[in-house]
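*Asks:* Provided below for reference: sequence and predicted model.
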Amino acid sequence: MNDPYVVLGATGGQGGAVLDALLDDGRSVRAVVRSASSARSRSLQDRGAELAEADISDAHALAAAMRDSAGVFAMTTPFEDGEEAELAQGRAVVAAAGIAAVPHLVFSSVASADRGTGIPHFETKAATERLLADSGVPYTIVGPTYFYDNLLGGIDDVKAGRLDLAVGLDTPLQQLSRRDLGRFVVHVFENAATHLGVRIDVASDAPTPRQMAAVLSATWDREVVPHSHDPAEIESPDMRAMFGFLSTTGYSADIPPLHERYPDIGWQSFEQWVRESG
């Protein structure tokens, strides 16, 4: 059997998309999960994935899960335990990759994290990027933009006819399909030689809130009205900083050359995502 690709966060949105794309491509997958007995973990096993239990902050457990792999997909998050926890996750991931002699680590950061934005969860990921660059581990950094799926967090309001975002109604918002992220990571694994040491920000489309509302209205055959509010009204300092950035500077993924260079991803527009996701 071929060495498996290891996927951290395999039961989550990003990790799940990468796992799906790897399995679709006929690759062996080792899914790193917190509990192999959970229903979501067992569903991955039923699909043919090998399971490995590890906490993302435990370098030695992660190293055991990463050993004898063809490559590793990793991400960190502050949204459960905070920024210091995310920094600890990053240190553990990088240390584990070194211990396990991982041949290629693809780290999912965030678009523009390397630009000194001051946004807390951008800066924690940038710290892991720097650790990785100094580690000697062969790596590629992928920077996702805003995910289409973030819309689902306010889906009840959207279904009631109101799309509310803290960016201007005519401000382009670079966004990414999770499906496209998974396919992109598989492409990077398959073409490691041309992607080692590279950082790539990725986006599928850049609709404005007004355009998003028009797509939703046309698809659902009922009116969805776009609304904009001031980022300063957001309670979370992290989200307030992020939407302040998105409403002014915005991500800087170079979409046309990106799509031209990687046509096989099949880049899913916002309209396609709405129609295909139901």
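*Replies:* Structure received. Numbers count the residues shown, from 1 in each chain.

*Asks:* list the contacts for Arg130?
*Replies:* Neighbour list for Arg130: empty [criterion: Cβ atoms under 8 Å, 6 or more residues apart in numbering]. (C-beta placed from N, C-alpha, C; glycine too.)

*Asks:* That one - that's part of a helix, no?
*Replies:* Yes: remark: Arg130 belongs to a helix, assigned using DSSP: H, G, I helix; E, B strand; the rest coil.

*Asks:* So it versus Ala61, what's the distance?
*Replies:* Arg130 sits 24 Å away from Ala61, going by Cβ to Cβ, to the nearest Å.

*Asks:* Also Ala95?
*Replies:* Going from Ala95 to Ala61 by Cβ to Cβ gives 11 Å.

*Asks:* so where's this structure shaky on pLDDT?
*Replies:* Within the chain, the ranges that satisfy pLDDT under 70 run 1.

*Asks:* how does it look with 80?
*Replies:* Low-confidence segments of the chain, defined by pLDDT under 80: 1-2, 78-81, 278.

*Asks:* which residues in it form strands?
*Replies:* Assigned strands in the chain, in chain order: 5-8, 29-33, 50-53, 71-75, 105-108, 139-144, 146-147, 162-165, 175-176, 198-202, 225-228 (criterion: DSSP state E).

*Asks:* Give me the buried positions along stretch 101-121.
*Replies:* Neighbour-count burial for stretch 101-121 flags 102-115, 117, 119-121 (criterion: 16 or more other Cβ atoms under 10 Å).

*Asks:* What sits closest to Tyr175 if chain neighbours are left out?
*Replies:* To be clear, residue 175 is Gln; Tyr isn't right here. Nearest residue to Gln175 in three dimensions, chain neighbours excluded: Tyr146, at 4.7 Å (Cβ to Cβ, 6 or more residues apart in numbering).

*Asks:* Burial check on the one you found, number of neighbours?
*Replies:* For Tyr146, the neighbour count with other Cβ atoms under 10 Å is 22.

*Asks:* if I look at Asp164, how far off is Ser277?
*Replies:* Using Cβ to Cβ, one gets 20 Å for the distance from Asp164 to Ser277.

*Asks:* contacting residues for Ala64?
*Replies:* For Ala64, the contact set (Cβ under 8 Å, 6+ apart) comprises 52, 54, 100.

*Asks:* Which single one of these is nearest to Asp68?
*Replies:* For the contacts of Ala64, the minimum distance to Asp68 (Cβ to Cβ) is 8.2 Å, reached by Ala100.

*Asks:* Quick check: the closest one touching His60?
*Replies:* No: counting by Cβ atoms under 8 Å, Ala100 sits too far from His60 to count as a contact (9.9 Å).

*Asks:* what about the two, which has more around it?
*Replies:* Ala100 (22 against 13).

*Asks:* How about the more buried one: what's its closest non-neighbour residue?
*Replies:* Excluding its sequence neighbours, the residue lying closest to Ala100 (Cβ to Cβ, 6+ apart) is Met66, at 3.9 Å.

*Asks:* Please tell me how far that neighbour sits from Ala97.
*Replies:* With distances taken as Cβ to Cβ, Met66 is found 6 Å from Ala97.

*Asks:* Now do the shared contacts for these two.
*Replies:* Common neighbours of Met66 and Ala97, counting by Cβ under 8 Å, 6+ apart, are Val72.

*Asks:* Quick check: the residue nearest to His229 when sequence neighbours are not counted vs Phe184, distance?
*Replies:* In this structure, His229 finds its nearest non-sequential neighbour in Ala166, 5.4 Å apart by Cβ to Cβ, 6+ apart. Noted for Ala166: a distance of 27 Å to Phe184, by Cβ to Cβ.

*Asks:* Also Gln89?
*Replies:* Counting by Cβ to Cβ, the separation of Gln89 from Phe184 is 22 Å.

*Asks:* Glu129 too?
*Replies:* 17 Å.

*Asks:* ok, these two, which is more surrounded?
*Replies:* Per other Cβ under 10 Å, whichever of Glu129 and Phe184 has more neighbours is Phe184, with 26 against 21.
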